[in-house]
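Q: sequence? don't have it. structure:
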């Protein structure tokens, strides 16, 4: 287990002393761990794992967990659909209401901000739908 810790130290270019100071895990704990006398408590393992932005499982075994949560990705078709939907939304807003803000016609900067907001909303909705409705057998 300590080998993984040493590997992370080298990858990040830090010393055990610096990790000790920044995480609050004592140097004696790290020293005992190195000598095989003990392993840090789970709370200390979590601190060390968080410091290196890895999982506790990786810190303990040196292997990434096989049970990572599936994250959907947008395909080219999704990107095209999002763009069409966004253009359609903006077109309907522009034609029906003239895009007014506080009684005044929207300037170009505000229109761009609205477009960015709508695009983010549509993307988030698409990813959420994929996460929720994709059958487990199609999740890779």
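A: That came through, no problem. These figures come from a predicted structure and were not determined experimentally.
Q: After the lowest-mean-pLDDT helix or strand in the chain, heading C-terminal, what element do we hit next?
A: None of the helices or strands of the chain scores lower by mean pLDDT, DSSP states H and E than strand 100-101, at a mean of 66. Downstream of strand 100-101, the first helix or strand assigned by DSSP states H and E is strand 104-105.
Q: tell me the mean pLDDT for that next one?
A: What strand 104-105 shows for mean pLDDT is 74.
Q: That strand - which strands sit beside it in the sheet, and in what orientation?
A: Under the criterion DSSP bridges, strand 104-105 sits next to strand 100-101 (antiparallel) in its sheet.
Q: Run through the neighbouring helices and strands of the longest helix belonging to the chain.
A: Secondary structure of the chain per DSSP state H: the longest helix is helix 108-133. If you count contacts as 3 or more C-beta pairs under 8 Å, 6 or more residues apart in numbering; DSSP states H and E, helix 108-133 packs onto helix 76-97. C-betas here are computed from N, CA, C, even on glycine.
Q: what is the rounded mean pLDDT of the helix it packs on?
A: Averaging pLDDT residue by residue across helix 76-97 gives 83.
Q: what residue of the protein is the furthest out?
A: Taking C-alpha atoms, centre = their mean as the measure, the residue most remote from the mean C-alpha position of the chain is residue 103, 39.5 Å away.
Q: follow-up on the earlier one: between the longest helix of the chain and helix 76-97, what angle do the directions make?
A: 130 degrees (axes from the mean of the first three to the mean of the last three C-alpha atoms, to 10 degrees).
Q: list the buried ones in helix 108-133?
A: 111, 114, 118-119, 122, 126, 130 (16 or more other C-beta atoms under 10 Å).
Q: any weak-confidence spans in this protein?
A: Low-confidence segments of the chain (pLDDT under 70): 64-70, 96-101, 140.
Q: Could you break it into its assigned domains?
A: The record's domain parsing of the chain by automatic domain parsing lists 2-61, 76-138.
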